[in-house]
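Participant: this one's sequence-less:
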């Protein structure tokens, strides 16, 4: 007996329901996103719209709903979002059955995410809504950072010398272009880039090259997106030169401090600064020779024989040792000068020495930095600092250029305090206890561990001590002079272990949501301000999704 199948008739006429609320269920996520965002004060968001005499533009609130819902579906490409607006019923509900093109979506996202955009205000208002529903308890807060890839190529990194070489090429090309047909042989362009030319050309732009802008601002107005390549090179040179001058000033200050202490007879512990290694070795040799001469004179006055095997020679063992240190210091300085002059090989023609790491700047994403990733090694990225409460609510996040988390604790406390104000207002409006919005314990990994971060004013904290040595057995009445020892002791207690056990699931689970649910593995836009906006958008979307999963009702 033949099996019967339902007939497929793709030519059968059919229309969607007239009521858009019948396209997807009333409990669908898209309706919740619409209710949350349209229920907020969106004055700042509507300020992005530009009045004009042409056809009406798209509603900024609708575009915000579209971006948040697309983020929760893992769609970050404006072209894919436009395609989903044509084919996906939930996307058509989010847009009110409109299809904004990808350029409109892209421009709105850049405007909302830029510096001074409305996303931070929108984020805090969503926190208020969640707090009214009883979420956002701040008894335990986890702070952590993760590397988010930048929209930049790692191969576009250049050192200061590389940027100057690139600037010279641009200037030479411009000089040749300016000199076409003028009959002169030389040009004086490039003095701003550190290039010397004693015979400037007076017939081509008065011997200057407009547009390189080496004396211009470090970051062009409006961000790095439309900045010309010459401006990025100029800003990179300015930044690296400032870093080099600061390091040189610090090295000079450290060398002077060491020399003053050495002259006073109390040299500090540790290696001698390389800038004064020869001078210190010379002083040590002079002191050793003086001490040897004094000892010889004392023994000669009494007629006694000089003791020690080293006295068989003209110089004592201490003098010979000091003279050897001076020779090694002179050789080390000579090698350093030779490498600086471009001679890679040592004095004996040995193997090419390894170059010390130098700071670099990226030409495609000037605000990004080379950072270490556990899985990928060195990557071009920015550091996303996320703060999350124990019930899963994201607090105000931040994007930074520093791959080291130790310098981000003060900024984390500031973000927690700004979030606390919005949450406290929400808890008060919802009739919840005020203790819910009082920060309890902030937990963070050993990347944040330092004495300064432990002593920083703010809420109580538990910071993993990493490789810090245990000072010894503890008892209830023991005192710790070093706050790092006290932190180690706090983590060893039962209460400390129970509190710190929440750190990994809260922080790692938060970044899993950001990277898996919203697809935030790489920033789409360039610049710290716009990357901050992307992180705000992703965390805002996750907070709205948390409210939907918890089944909160909106008043």
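Facilitator: Here it is on my side, so go on. From a predicted model like this one, the values you see are computed outputs, not experimental measurements. Residues are numbered from 1 along each chain as shown.
Participant: make it CA atoms for all contacts and neighbour counts henceforth
Facilitator: Will do.
Participant: After the helix or strand bottoming out on mean pLDDT in the chain, which helix or strand is next? Please name it.
Facilitator: Least confident helix or strand of the chain, by mean pLDDT, DSSP states H and E, is helix 160-178 with a mean of 74. Later in the chain than helix 160-178, the nearest helix or strand by DSSP states H and E is helix 229-263.
Participant: Flag every buried residue along that following helix.
Facilitator: Residues 230-240, 254-255, 258-259 are the ones in helix 229-263 that count as buried (16 or more other C-alpha atoms under 10 Å).
Participant: What is the nearest of these to residue 14?
Facilitator: Checking these against residue 14 by C-alpha to C-alpha gives residue 232 as the nearest, at 56.2 Å.
Participant: separation between the closest one and residue 297?
Facilitator: 68 Å (C-alpha to C-alpha, to the nearest Å).
Participant: repeat for residue 60
Facilitator: With C-alpha to C-alpha as the criterion, residue 60 and residue 297 are 93 Å apart.
Participant: for the stretch 201-350 of the chain, which spans come out with low pLDDT?
Facilitator: 201-227, 305-314, 340-350 (pLDDT under 70).
Participant: ugh, wrong one, the stretch 1-150 of the chain
Facilitator: Using pLDDT under 70, the stretch 1-150 of the chain drops low at 1-2, 50-53, 115.
Participant: Now do the helices in it.
Facilitator: 29-38, 43-46, 60-72, 78-87, 89-95, 102-113, 119-132 (DSSP state H, counting those that start in this stretch).
Participant: Which parts of the fifth one count as buried, going by neighbours?
Facilitator: Applying a neighbour-count criterion of 16+ other C-alpha under 10 Å, one finds 90, 91, 92, 93, 94, 95 buried in helix 89-95.
Participant: Check which helices and strands it sits against.
Facilitator: Packing partners of helix 89-95 (3 or more C-alpha pairs under 8 Å, 6 or more residues apart in numbering; DSSP states H and E): helix 29-38, helix 60-72, helix 78-87.
Participant: For it, which outside residues touch it?
Facilitator: Under the contact criterion C-alpha atoms under 8 Å, 6 or more residues apart in numbering, helix 89-95 has outside partners 20-21, 23-24, 30-31, 34, 62-63, 65-66, 69-70, 84-86, 98-99.
Participant: ditto for the last one
Facilitator: In this structure, residues lying in contact with helix 119-132 by C-alpha under 8 Å, 6+ apart are 36-37, 40-42, 44-45, 112-113, 136, 395-396, 419, 422-432, 533, 536-537, 540, 543-544, 547, 554.
Participant: Please convert the buried members of these into ChimeraX selection syntax.
Facilitator: Listed next is the ChimeraX selection for buried residues among these, using 16+ other C-alpha under 10 Å:
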select :36,37,42,45,112,113,136,395,396,419,422,423,424,425,426,427,428,430,432,533,536,537,540,543,544,547
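Participant: List the ones among the contacts of helix 119-132 that fall in strands.
Facilitator: Applying DSSP state E to these, no entry is found in strands.
Participant: Now for residue 480, how many residues are close by?
Facilitator: Other residues near residue 480 number 14, with proximity taken as other C-alpha atoms under 10 Å.
Participant: so what's the backbone phi/psi at it?
Facilitator: Backbone torsions for residue 480, taken as degrees, to the nearest 10, come to phi -120, psi 110.
Participant: repeat for the one 3 residues further on
Facilitator: Main-chain dihedrals, residue 483, degrees, to the nearest 10: phi -60, psi -20.
Participant: ranges for the helices of the stretch 251-400 of the chain?
Facilitator: 277-302, 317-340.
Participant: quick revisit: can you put the buried residues of helix 89-95 in CSV and add distance to residue 270?
Facilitator: Listed next are the buried residues of helix 89-95 as CSV, based on distance: C-alpha to C-alpha, whole Å:
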residue, distance to residue 270
90, 66
91, 64
92, 67
93, 68
94, 64
95, 65
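Participant: So what's the predicted local confidence for the residue nearest the centre of the chain?
Facilitator: Nearest to the mean C-alpha position of the chain, counting by C-alpha atoms, centre = their mean, stands residue 401 at 2.2 Å. For residue 401, the model assigns a pLDDT of 90.
Participant: Please tell me how far it sits from residue 114.
Facilitator: 17 Å.
Participant: So what touches stretch 488-495?
Facilitator: 462, 464, 465, 468, 470, 474, 496, 497, 500.
Participant: Go again with 7 Å.
Facilitator: 462, 465, 470, 496, 497 (C-alpha atoms under 7 Å, 6 or more residues apart in numbering).
Participant: Tell me who's in contact with the nearest residue to residue 289 once chain neighbours are set aside.
Facilitator: Spatial nearest neighbour of residue 289, excluding adjacent residues (C-alpha to C-alpha, 6 or more residues apart in numbering): residue 319 at 5.9 Å. Applying C-alpha under 7 Å, 6+ apart to residue 319 gives the contacts 285, 288, 289.
Participant: Tell me how far residue 319 lies from residue 493.
Facilitator: 56 Å.
Participant: repeat for residue 238
Facilitator: Residue 238 is 50 Å from residue 493, by C-alpha to C-alpha.
Participant: which one among the buried residues of helix 89-95 gets closest to residue 455?
Facilitator: residue 94 (48.2 Å).
Participant: Could you measure from that closest one over to residue 545?
Facilitator: 15 Å.
Participant: Next: residue 234.
Facilitator: 44 Å.
Participant: Go ahead and confirm residue 394 touches residue 543.
Facilitator: Yes. Here residue 394 reaches residue 543: they are 6.4 Å apart, a contact under C-alpha atoms under 7 Å.
Participant: okay, and the common contacts of the two?
Facilitator: Counting by C-alpha under 7 Å, 6+ apart, nothing touches both residue 394 and residue 543.
Participant: which residue ranges form the helices in the stretch 401-550 of the chain?
Facilitator: 409-429, 451-455, 483-492, 494-500, 503-512, 528-550.
Participant: what does the top strand by length along the chain contact?
Facilitator: Counting by DSSP E, the longest strand found in the chain is strand 377-389. Contacts of strand 377-389 with the rest of the structure, by C-alpha under 7 Å, 6+ apart, involve 136-138, 140-150, 152-154, 368-373, 394-403, 506-507.
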